[in-house]
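Participant: I would like to see how this sequence folds:
(one chain, ligands or ions: 2)
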Amino acid sequence: MLAREIREIDRENPPERIERISPFVEFSYRKALDSLNVHASTARASLVHARITIVSTVLLGMFLLAGFSSLSLRKIKSLEAVINDRERVLEEWARSWQETFDSISDMVAVVDRDYNIVTTNRAMKKHFGGISSCRELCRMLGLSHVSNKDLCDYGGASEWVEFSGKTYSVRTYRREGKGGCIVVIRDITRERDLEERAFQSEKLASIGQMTATIAHEIKNPLTAVMGYSEMLMQRAMDDPTKAIIDKLHSAALRMERIINELLAFSRKPKLNRVKTDLNELIDNAIDMVSEALSVHGINIIREYSDLPVLNIDRGLIEQVFINILSNAIQAIADSGRGDTVRIVTHRRADRVVVELSDNGPGISAEDRKRIFEPFFTTKPAGKGTGLGLSLCYNFVTAHRGSISVRSEVGRGTTFVIEFPGPSEQGD
Ligand SMILES: Nc1ncnc2c1ncn2[C@@H]1O[C@H](COP(=O)(O)OP(=O)(O)OP(=O)(O)O)[C@@H](O)[C@H]1O
Ligand SMILES: [Mg+2]
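Facilitator: Numbering: from 1, shown residues only. Ligands and ions are numbered 1, 2, ... in the order given. Below you'll find the model as predicted:
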């Protein structure tokens, strides 16, 4: 094919013609070659340019990308640091809030608008565990009659509740904004004790004055009744008359005993102080009632601590322990409830404390307010005059001590007696 075409060209272009046109051909060829070269170099230049552009663009892109990435990384890192800082601050704040919340000795519960308990402090957890609703809390406080709404609507008003032998006030505060309320339960046993004691001593002081006057007024005519009845008893007379005079005389004797007790209550007793080991004195008092203890099968538990020697009136303080033990024995025997009397002695700061507890029937809140009043008794006539505890009160306070009672119906009673220690007694 190519040979044929060459032949064709050779035929159409004889050598002379070729010779004639060859310079032109050569010229054209050169021109074409030059132009081709120019184009080629332009193309090469363009290619190089394009390559440079691409490479630089890619490099720039990479550079920008790298720059951008490092910028973003740095930004992310700094954001992370800010978030971490904030988180730390929040954690720190939450921890310090919880610590503050937990260090409140009152029991606190936060209640939401649906009456669920959302959080409680340590004191609340200790008493009520993982309590979760307002209803449950009311039930545990013995406030089942109070509705959730009423509890949250107290708005700061207080309700007294008693459990585990202690008295608590319940207050609620409405939560602004979120709804619900905050319940605060405070142990007010000590305040109530102090209030009651202040009230008692005021009341007893006025009763004491009145009693002293009455006792004094009765004592004179009573002395006459006793004297004349004794005189009559010595005279010869028939048996029925003698029996009547005997009864008269023994009634007068009983009245005299009561009057003397009343006077002992109303007067500040004159103390005959001697150095005394209180634990030993309590043992003496136990001996005095040991017969009754064994008749009723009551156990005595003694938990004594080492005590300093006290300068006290042995007779009067022994009488205090005998009265309290006798009451416990009678309460256990009469109710058929309980079998143990526990006596604990210890020191609190510079004071000496004696706690006498029984697991008998307990004393109602109503009666508890009155037991130190003279003539307050729940015993049938002839079995108790109601002077025992009022005398105890008088004898203990005469030593600048204090006597108080804690009791829960069905669980028992504890009398707490405190005496000033040696330094307060000036020994
Ligand atoms: N341990 C106790 N358990 C239950 N009730 C008690 C206890 N101690 C005292 N009481 C109550 O307190 C009341 C008053 O006691 P208090 O000793 O003053 O008088 P009393 O025992 O009734 O009579 P008295 O002691 O003059 O013979 C008692 O009647 C009783 O109701
Ligand atoms: Mg008594």
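Participant: so what secondary structure elements neighbour the host helix or strand of Glu217?
Facilitator: Element membership for Glu217 (DSSP states H and E) is helix 189-234. Where contact means 3 or more CB pairs under 8 Å, 6 or more residues apart in numbering; DSSP states H and E, helix 189-234 is packed against strand 166-174, helix 239-266, helix 388-398, strand 402-408. Heads up, the C-betas are built off the backbone N, CA and C, glycines and all.
Participant: Those: which one's closest to Lys369?
Facilitator: For the helices and strands packed on helix 189-234, the distance to Lys369 is smallest for strand 402-408, at 9.9 Å, taking CB to CB.
Participant: How far off centre is the closest one?
Facilitator: Chain-centre distance of strand 402-408: 21 Å, with CA atoms, centre = their mean, to the nearest Å.
Participant: Sheet-wise, list the partners of it with their directions.
Facilitator: Counting by DSSP bridges, the strands paired with strand 402-408 are strand 412-420 (antiparallel).
Participant: Mind checking if the strand it pairs with is in reach of ligand 2?
Facilitator: No: using CB under 5 Å from the ion, strand 412-420 never reaches ligand 2; the gap is at least 11.4 Å.
Participant: Likewise for stretch 385-396?
Facilitator: Yes: on the criterion CB under 5 Å from the ion, stretch 385-396 is in touch with ligand 2 at Gly388.
Participant: Could you list the residues in contact with that stretch?
Facilitator: Residues from elsewhere that reach stretch 385-396, judged by CB atoms under 8 Å, 6 or more residues apart in numbering: 200, 204, 208, 258, 261-262, 264-265, 268-269, 313, 316-317, 319-320, 323-324, 326-327, 371-377, 379, 402-403, 417, 419.
Participant: which among these end up buried?
Facilitator: Taking 16 or more other CB atoms under 10 Å as the criterion, what is buried in the contacts of stretch 385-396 is 200, 204, 208, 258, 261-262, 264-265, 269, 313, 316-317, 319-320, 323-324, 326-327, 371-374, 376-377, 402-403, 417, 419.
Participant: Tell me which residues touch the nearest residue to Ser144 once chain neighbours are set aside, please.
Facilitator: Distance criterion CB to CB, 6 or more residues apart in numbering; nearest residue to Ser144, sequence neighbours excluded, is Cys138 at 5.9 Å. Applying CB under 8 Å, 6+ apart to Cys138 gives the contacts 144, 146, 148, 151.
Participant: cutoff 7 Å now
Facilitator: Residues in contact with Cys138 (CB atoms under 7 Å, 6 or more residues apart in numbering) are 144, 146, 151.
Participant: Likewise for Trp97?
Facilitator: For Trp97, no contacting residues are found, by CB under 7 Å, 6+ apart.
Participant: ok, it to Arg347 distance?
Facilitator: From Trp97 across to Arg347, the span is 39 Å (CB to CB, to the nearest Å).
Participant: next one: Tyr228
Facilitator: Tyr228 is 54 Å from Arg347, where distance means CB to CB.
Participant: Also Thr385?
Facilitator: Using CB to CB, Thr385 is found at 35 Å from Arg347.
Participant: which of the two has more neighbours?
Facilitator: Ranked by neighbour count (other CB atoms under 10 Å), Thr385 and Arg347 place Thr385 first, with 18 against 13.
Participant: Provide the secondary structure category for the more buried one.
Facilitator: Taken by DSSP: H, G, I helix; E, B strand; the rest coil, the conformation at Thr385 corresponds to coil.
Participant: where along the stretch 301-427 of the chain do the helices fall?
Facilitator: In the stretch 301-427 of the chain, the helices defined using DSSP state H, counting those that start in this stretch lie at 314-335, 365-368, 388-398, 422-425.
Participant: Quickly, which of those bottoms out on average pLDDT?
Facilitator: Mean pLDDT across the helices of the stretch 301-427 of the chain is lowest at helix 422-425; the value there is a mean of 72.
Participant: that older thread, how far does the helix holding Glu217 sit from the chain's center?
Facilitator: With CA atoms, centre = their mean, you get 42 Å for helix 189-234.
Participant: do the same with stretch 274-294
Facilitator: Put simply, stretch 274-294 sits 37 Å off its chain's centre (CA atoms, centre = their mean).
Participant: anything in it near ligand 1?
Facilitator: No: residues of stretch 274-294 contacting ligand 1 under CB under 6 Å from any ligand atom: none, with a closest distance of 12.7 Å.
Participant: That stretch: which residues count as buried?
Facilitator: 276, 278, 281-282, 285-286, 289, 293.
Participant: For the residue in the stretch 151-300 of the chain that ligand 1 sits nearest to, which non-adjacent residue is spatially closest?
Facilitator: Residue of the stretch 151-300 of the chain nearest ligand 1, by CB to the nearest ligand atom: Glu261 (7.7 Å). Nearest non-adjacent residue to Glu261, counting by CB to CB, 6+ apart: Leu387, 4.7 Å away.
Participant: what about that neighbour, how many neighbours?
Facilitator: By the criterion of other CB under 10 Å, Leu387 has 22 neighbours.
Participant: ok, back up a step: out of the contacts of Cys138, which are buried?
Facilitator: Using 16+ other CB under 10 Å as the burial test, those include 146, 151 as buried.
Participant: quick one on the thing from earlier: among the helices of the stretch 301-427 of the chain, which is nearest ligand 1?
Facilitator: Nearest to ligand 1 among the helices of the stretch 301-427 of the chain is helix 388-398; the distance by CB to the nearest ligand atom comes to 2.4 Å.
Participant: the inter-axis angle of the closest one versus helix 314-335?
Facilitator: Angle, helix 388-398 to helix 314-335, by axes from the mean of the first three to the mean of the last three CA atoms, to 10 degrees: 150 degrees.
Participant: That'll do, ta.
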